[in-house]
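> Any chance you could fold what I've pasted below:
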Amino acid sequence: MVLRPTFALEEAVEQGEGIGVLADAQGRTLPGLVRLDVDLPLPSVPVFLAFHKDLRQVPRVRLVVGALEAALRHALR
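Now for the predicted structure:
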């Protein structure tokens, strides 16, 4: 058994309680789920990466922020 943080919607969908709207990147990580194609436009939600403004010029923080941004852009495309 792999321990990882879960959300209530994830848990409910994984337990077969119904259909849920999950981010594609999120749903791909959950084994046993089936993606349903629908003819309606899907909702979109903005994603924000926040950190203290004083840390903008710290090289190691910039490196981590850049890596997170790249990973999010890749996962959410």
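> center of the protein, which residue is that?
Nearest to the mean C-alpha position of the chain, by C-alpha atoms, centre = their mean, lies residue 26 at 4.7 Å.
> Give me the distance between stretch 34-45 and the centre of its chain.
Counting by C-alpha atoms, centre = their mean, to the nearest Å, stretch 34-45 is centred 15 Å from the centre of its parent chain.
> I'd like to know which helix or strand in this protein has the lowest mean pLDDT.
helix 24-28 (a mean of 82; mean pLDDT, DSSP states H and E).
> got the contact list for the lengthiest helix in the chain?
For the chain, the helix reaching the highest residue count under DSSP state H is reported as helix 59-75. Residues outside helix 59-75 that contact it (C-beta atoms under 8 Å, 6 or more residues apart in numbering): 25, 47, 49, 51, 55-56. Yep, even glycine has a C-beta here, placed from its N, CA and C like the rest.
> same question, stretch 29-36
Under the contact criterion C-beta under 8 Å, 6+ apart, stretch 29-36 has outside partners 10, 13-14, 19, 22, 24, 27.
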